[in-house]
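**Student:** give me the fold of what follows.
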Amino acid sequence: MKKIISIIMCLVLVGCVFAGCTKQEDMKCDIVLITNGGAINDGGYNQSAWEGITAFADENSMKCRYYQPVLDNDEITPENVEKYVALSAENGAQYIILPGEEFAVSAYEIAAAYPDIKFVLLDAIPHSAGDMTNRFVNNVMSVSFDAVQSGFLAGYISVVNGNTELGYFGEYGSKDSANYGAGFVQGAAYAADTLGVPVTMDWAEYDTALLDYNYDFTITACYDKIENQTEKTFTVNVVDGLGSGTYTEGSNVTITANPAPEGKVFDKWVVKSDTSGVKDKKVNISSKTKESMNLLVEKCDCTITATYKDIEGTSYFVDVMTADGKEVARTYNVGENGECWITAPAAPADMVFDHWELSASVAIEDENAAATAVKEINENVKLTPVYKISEVPTFNLTVVTGEGGNGESTGSGSYMKGDNITLVSAPPMEGYMFSHWENADAYGNSTGIAMENEYNYSTTFEMVDRYASICDAMYNHGVSAIFTGGNSKAEAAFTSKWDFDYDLSVIAAGQNDKNAYTTIVKNYGEAVKDCLNNYQGGSVTLANCATDGIYATFVSDNDDIKAQYDEIYKALADGKITLTQAQGGAGYDFCKMYNEQKPSKCLTLDGWFLEGISLS
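**Tutor:** Now for the predicted structure:
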């Protein structure tokens, strides 16, 4: 019976990856790796752990295999993991390796039910769901990687390679981040004092209230006086639609019809040349029948008029309400059994769209999507957008009309990274023409956004990670290398680097990052071998220089620098260099202590957040 169950489990667990699952003897194994959903050739933690397992298995004549689970909504869940643990137990596994924090809850909830199996949890300690308190399980051995030593190596390498203005981009709520930063300061100071070179370091954390940093930004619609133009200009007059203005020859202008009046639907555009001697057909539009189309401005003024026709049968109103639900943001006029596409107004500050509330029983394609289709309309409908406090960071945008504009430019709101935002400028005043869009944050720095066409009165862009602005400020201060160890928003440093200069450096920690100047790698493979060689359930072992548990991916092409790195690495391994941890896990406390004690003659630590000042 056990054999039948085992084979059935092999067939139903679609995500498991192994060879020869038709023979019971082929399924037997001593060591199992359950990946986080990634492959064992991912170049990251799964591959590193698997290499350690296979090396140990070869040396000890043991069998090993791995399972690559199918994720539930991109997450590895305890329910998912337990299937593979059960399969491993059925086939005689002595050890199960779990790589990463994703397995911390699973280790706590599942391991005790399999007392004969020895679990190894890498880079995490078991804890319950919703509670990060460490829980020690008799048959789980945990591995913690030394963040202070990792930071020390990063700081030391930075300075010996010539960087004298450094930045640490941290996360206030992370104990790991505080210790990475503490190590980075001490490593840079050690190198600076040894070389006798003055070094400065800026330390800022994106999520602390002590750093009064304003992530909001403004986009301005800019206008020029027509009389100042060196190129010949032409006037476009759009009746019952958007797009009116004065443009230079060759401009590509988006023309959009106004919503249809009651009982009407859009019919077509009527085009008229307003320049003597130029025929109407010379006005170059992309479509006469689409409500939104493009005009290529050529050598004539023109008038373009949206026309409407009667709806056949009964028509209905579809009202989309404003964010507060008190006013109508836009009305659509739809025929019987018709449909229309709706878009929710931009979210209020620090909120995101959640769902639609409907006043009538119509079919909505996706009630949880901010932009969706409403179908089978047979009565008047009011749709009210409902917003909620965002669980992920949002960034507030204000769109303003510059001098020469007449009215309100649209696009203001609260947005998440990845949101696609549409900007429409106000029409120009008489004697002016739209020129371009400008953007700046509260400190006058560029925001890093890339518009589809910054010279078009209507354009779009994708919201970027505004946390990169912290790193922008560091680079503006002269910093040449930023360390991101322990920061879950580390990618923001790369966003900033790419916006500024490819010669600037980002130093990473964790798994090997090819975009980084250097990475202080957590060596999962070596940690696995150490645990399998000396298993101690219910304990936490520290992976550091003494265990070859960490290493730098790039040191230098200079043999002298390589030798210095090897010497420092050995000194850390032998305990000859004593390092200070961030007490209580707070970067604030470490920076305060460091500046009070002044242990370095050559390194100056500028903890930007200490006085609650803004970066300016």
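
**Student:** isn't there a helix covering residue 56?
**Tutor:** Yes. Using DSSP: H, G, I helix; E, B strand; the rest coil, the assignment for residue 56 is a helix.

**Student:** pLDDT score for it?
**Tutor:** Here, the pLDDT recorded for residue 56 equals 97.

**Student:** then residue 529?
**Tutor:** Residue 529 is given a pLDDT of 97.

**Student:** and it, which of the three is it?
**Tutor:** helix.

**Student:** can you count the residues close to it?
**Tutor:** 19 (other CB atoms under 10 Å). C-beta here means a position set from N, CA and C on the backbone, and glycine is covered the same way.

**Student:** who's in contact with it?
**Tutor:** Neighbouring residues of residue 529 by CB atoms under 8 Å, 6 or more residues apart in numbering: 52, 55, 56.

**Student:** give the contact list for the second one.
**Tutor:** Spelled out, it's residue 55. Residue 55 neighbours (CB under 8 Å, 6+ apart): 525, 529.

**Student:** give me the residues contacting stretch 63-77.
**Tutor:** Against stretch 63-77 from outside (CB under 8 Å, 6+ apart): 13-18, 28-40, 50, 53-54, 57, 79-81, 83-84, 87-88, 102-103, 106.

**Student:** residue 174 and residue 489 touch, don't they?
**Tutor:** No. Assessed by CB atoms under 8 Å, residue 174 is found out of contact with residue 489, at 10.2 Å.

**Student:** what average pLDDT does stretch 597-607 get?
**Tutor:** The predicted model gives stretch 597-607 an average pLDDT of 92.

**Student:** the contacts of stretch 63-77 in strands, which ones?
**Tutor:** Per DSSP state E, strands hold the following members of those: 31, 32, 33, 34.

**Student:** how close does residue 443 sit to residue 367?
**Tutor:** Distance of residue 443 to residue 367, given as CB to CB, to the nearest Å: 40 Å.

**Student:** the closest residue to residue 179 other than its chain neighbours: neighbour count?
**Tutor:** Distances taken as CB to CB, 6 or more residues apart in numbering put residue 147 closest to residue 179, at 3.8 Å, once the chain neighbours are dropped. Neighbour count for residue 147, taken as other CB under 10 Å: 28.

**Student:** need the contact list for residue 147.
**Tutor:** By CB under 8 Å, 6+ apart, the contact set of residue 147 is 176, 179, 180, 183, 485, 486, 509.

**Student:** returning to what we had before: go through the contacts of residue 529 and name the one nearest residue 162.
**Tutor:** Nearest to residue 162 among the contacts of residue 529, counting by CB to CB, is residue 52 at 34.7 Å.

**Student:** one step back: now the residue nearest to residue 179: how far from residue 141?
**Tutor:** Relative to residue 141, and taking CB to CB, residue 147 is found at 19 Å.

**Student:** got it, and residue 499?
**Tutor:** Computed as CB to CB, the residue 499 to residue 141 distance reads 43 Å.

**Student:** so between those two, which is more surrounded?
**Tutor:** Shown here are residue 499 and residue 141; by other CB under 10 Å, residue 141 has more neighbours (23 against 20).
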